[in-house]
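Chemist: Structure for the following, please:
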Amino acid sequence: MTLHRRAFLKHVGLGTAGLSAASSLRIGLLADEAGPHQNLPRSSLQTQGVVSSGIWDFLEAIPVANIELHSFMLVRHGHVVSECWWAPYRRDATHWLYSLSKSFTSTAVGFAVAEGKLKIEDRVVDFFPDRLPPNVSDNLADLRIKHLLSMSIGHKTDSTVAVAFNPAQPDWVRTFLSLPIENPPGSVFLYDSGGSFMLSAIVQKVTGQKVIDYLEPRLFEPLQIRQRSWQSSPLGINCGGWGLSVATETLAKFGQLYLQKGQWNGKQLLPSQWVEEATTFKIQQPVTWSSGSGQAAEAERAAALADPAAALARLRQSSDWYQGYAYQFWRCRHNAFRGDGAFGQFCVVLPDEDAVVAITSETGNLQGILNLVWDHLLPAMHDGPVNNGRTVDARLALTLRTRALPLPHGVPRSAMMSAISAKTFTLEPNSLGMESVTLQFAADSCLFTLKNAKGRYDVRCGLGKWLDGTTQMPGEPPALLPNSEQGPLKLAAAGAWQEDGTFEMQWRFYETPHHDIVTCKFHGDDVQIQFSNSITTALGPNQTLHPESRPVLKGHA
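Modeler: Next comes the predicted model:
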């Protein structure tokens, strides 16, 4: 069944053409290998009762499932036993979380509740009396914090587009409060990221701090989390439902905190009562809520409505999106719970196995990732130590340590390089306002430069290898939601020549899930440059949320 859990995103029936996956798995790392800011203790698979063949099978199954992972970390009994990053992704980089940000926002609400700054029964309208519409409906008047937390606001459609995609109205709180609430709050589940933003706005209202700053002494500092950023609304409120960036180990620590019922290093950071409240079942998803569009989806919806009880029973057997929703956490099969985000950002907590799985990725097949966890990692965990054998573990570590995402297809050099290197191609008028392009080739790299009236924009890519750099290229990086981050962007780029004289570059914005493919086709003194961003690829050719809007640039030497 294709999953569509956001009205604006249609959840993740995204259908990405995933790249062949590979990894750089680290097994049995010593604590001092983890670096100064990544201080979860390390241990071996054998000691913590994990059969190494389960890890191997998990990683081998990833390319078969057409899934692109960027990082993976398994924590068992409080110790990291397996971890890997797919180059050019790396352990010391943060990664956009998309909706996994919501679980951190929920945590901020939990701290505020514990400090007596708010109660989950508080009415939303009481926090913003100066931003209410002229006529407050009964449903808006009855909307409470608990409804925002449990995605039971009562909206007919997700409010995120109306709230965050209107540059003419920077006051997202006012926009949210102006929207009609068609159903009584608490009566029906609808995934609504605008409600998560409102939680962030309420926390900021009662604490005088952005959520990221409020969490600093309460969460980030005790867990020794130093790398983080959170995008904000135009009026300076953290987005709440998206926009947080942290490293993979931060996700593992966050999951471990919840696994330990809010305790960390012997201190109760977050009340155990809140952890229980925030992660247990609150509302059931209706059997039709994730259906997409088209004839197949309509037939599926009609069948579900004909016998909702039977449909729900089937869905609960096969789907992790029908296990119920908590307070900005999802319930999972196998008595697990998780935070998750678009394109495959996961923090999965398995209390029965005393384990946490942290994953970052770019894929449309989120259920596929969870299926791999259940099919391979879950059965690999045993109650006591196991005997994997040193040879098996060493072979696994040696085989997977240096793997990377595939480079662009082709060869690093071409006879055409000398003819076009440093040659300026004047571009025909285009909607990007770009006036010229130059490709300057060196022995092992290429400097790609676009120029317009405002200046020049460079991307340096390796030939047959990833090359780290930064760029201020307009329109980057690809982003599904409004992106308030500014400044030079980190990227790793690689290029290769194809047989017909086409030069293809891949720009990996490794602090995000996304990348661009830039294809330069040369014919005599002419060049055509085509852009393709990975969000458009993942969402599919018929989607309208993030179409590739950049034109094909045509230039003449």
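Chemist: For Val246, what are phi and psi?
Modeler: phi -140, psi 170 (degrees, to the nearest 10).
Chemist: Number the residues from 52 up from this point.
Modeler: With the count now opening at 52, the last piece we talked about shows up as Val297.
Chemist: That one against Arg277, yeah?
Modeler: No. With contact defined as C-beta atoms under 8 Å, Val297 and Arg277 do not form a contacting pair (10.0 Å). All C-beta spots, glycine's among them, are computed from the backbone N, C-alpha and C.
Chemist: The two: which is more packed in?
Modeler: Val297 (26 against 13; other C-beta atoms under 10 Å).
Chemist: what's the distance between that one and Thr208?
Modeler: The span separating Val297 from Thr208 equals 30 Å under the rule C-beta to C-beta, to the nearest Å.
Chemist: Next secondary structure element downstream of the host helix or strand of Leu110?
Modeler: In this assignment (DSSP states H and E), Leu110 forms part of helix 103-115. Next along the chain after helix 103-115, taking DSSP H and E as the criterion, comes strand 120-127.
Chemist: Now do that following strand: which elements does it pack against?
Modeler: helix 103-115, strand 130-136, helix 299-310, strand 406-412 (3 or more C-beta pairs under 8 Å, 6 or more residues apart in numbering; DSSP states H and E).
Chemist: strand partners of that strand, parallel vs antiparallel please.
Modeler: Sheet pairing for strand 120-127, assigned by DSSP bridges, gives strand 130-136 (antiparallel), strand 406-412 (antiparallel).
Chemist: Do me a favour and average the pLDDT over the following helix or strand past the last one.
Modeler: Proceeding N to C from strand 406-412, the next assigned helix or strand is helix 417-423, under DSSP H and E. Regarding helix 417-423, the rounded mean pLDDT is 97.
Chemist: From the chain's centroid, how far away is helix 417-423?
Modeler: Put simply, helix 417-423 sits 14 Å off its chain's centre (C-alpha atoms, centre = their mean, to the nearest Å).
Chemist: for that helix, packing partners?
Modeler: helix 103-115, strand 396-401.
Chemist: I would like the residues contacting the shortest one, please.
Modeler: Applying C-beta atoms under 8 Å, 6 or more residues apart in numbering, the set of residues contacting strand 396-401 from outside is 146-151, 154, 302-303, 305-306, 309-310, 330, 383, 385-391, 406-412, 417, 420-421, 424, 429, 564.
Chemist: Among those residues, the buried ones, what's the ChimeraX command?
Modeler: Listed next is the ChimeraX selection for buried residues among the contacts of strand 396-401, using 16 or more other C-beta atoms under 10 Å:
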select :146,147,148,149,150,151,154,302,303,305,306,309,310,330,383,387,388,389,390,391,406,407,408,409,410,411,412,417,420,421,424,429,564
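Chemist: ranges for the strands of the stretch 152-301 of the chain?
Modeler: Counting by DSSP state E, counting those that start in this stretch, the stretch 152-301 of the chain has strands at residues 279-281, 295-297.
Chemist: Pull out the buried positions in the first one.
Modeler: This means strand 279-281. Arg279, Trp281.
Chemist: so who does Pro231 touch?
Modeler: By C-beta under 8 Å, 6+ apart, the neighbours of Pro231 are Ser188, His206, Lys207.
Chemist: Let me know the closest of these to Leu490.
Modeler: The closest of the contacts of Pro231 to Leu490 turns out to be His206 (C-beta to C-beta; 49.0 Å).
Chemist: so what's that closest one up against?
Modeler: His206 neighbours (C-beta under 8 Å, 6+ apart): Leu230, Pro231, Ile232, Glu233, Asn234, Leu241, Asp243, Gly245.
Chemist: Show me those residues that map onto helices.
Modeler: Within the contacts of His206, residues falling in helices by DSSP state H are Gly245.
Chemist: Which residue, neighbours along the chain excluded, lies closest to Lys168?
Modeler: Val257 (4.4 Å; C-beta to C-beta, 6 or more residues apart in numbering).
Chemist: low-scoring stretches of the protein, by residue?
Modeler: Residues of the chain meeting the criterion pLDDT under 70: 52-89, 342-348, 442, 449-451, 453, 590-596.
Chemist: Val175 and Lys572, how far apart?
Modeler: 54 Å.
Chemist: Could you check which of these two is surrounded by more residues?
Modeler: The residue with more neighbours, out of Val175 and Lys572, is Val175; 25 against 17, by other C-beta under 10 Å.
Chemist: quick one: the more buried one and Pro457, what's the gap?
Modeler: Applying C-beta to C-beta to Val175 and Pro457 gives a distance of 48 Å.
Chemist: re the thing from before, mean neighbour count and distance to His130 added to the helices and strands packed on helix 417-423, as CSV?
Modeler: What follows is these, written out as CSV (neighbours: other C-beta atoms under 10 Å; distance: least, C-beta to C-beta, whole Å):
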stretch, mean neighbour count, distance to His130
helix 103-115, 19, 14
strand 396-401, 26, 15
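Chemist: before we move on, back to that, quick one, the helix holding Leu110 and strand 130-136 angle?
Modeler: Taking axes from the mean of the first three to the mean of the last three C-alpha atoms, to 10 degrees, one finds helix 103-115 and strand 130-136 inclined to each other by 30 degrees.
Chemist: could I get helix 103-115 in PDB with only the CA atoms?
Modeler: Below are the C-alpha coordinates for helix 103-115, written out as PDB (Å, rounded to 0.1, in the frame of the first residue of the first chain):
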ATOM      1  CA  SER A 103      26.300  -9.800  12.800                       C
ATOM      2  CA  SER A 104      24.500 -11.600   9.900                       C
ATOM      3  CA  GLY A 105      21.400  -9.500  10.700                       C
ATOM      4  CA  ILE A 106      23.400  -6.300  10.100                       C
ATOM      5  CA  TRP A 107      24.900  -7.700   7.000                       C
ATOM      6  CA  ASP A 108      21.500  -8.700   5.600                       C
ATOM      7  CA  PHE A 109      20.000  -5.300   6.500                       C
ATOM      8  CA  LEU A 110      22.700  -3.500   4.500                       C
ATOM      9  CA  GLU A 111      22.600  -6.000   1.600                       C
ATOM     10  CA  ALA A 112      18.800  -5.500   1.400                       C
ATOM     11  CA  ILE A 113      19.000  -1.700   1.000                       C
ATOM     12  CA  PRO A 114      19.900  -1.500  -2.700                       C
ATOM     13  CA  VAL A 115      17.500  -4.400  -3.500                       C
END
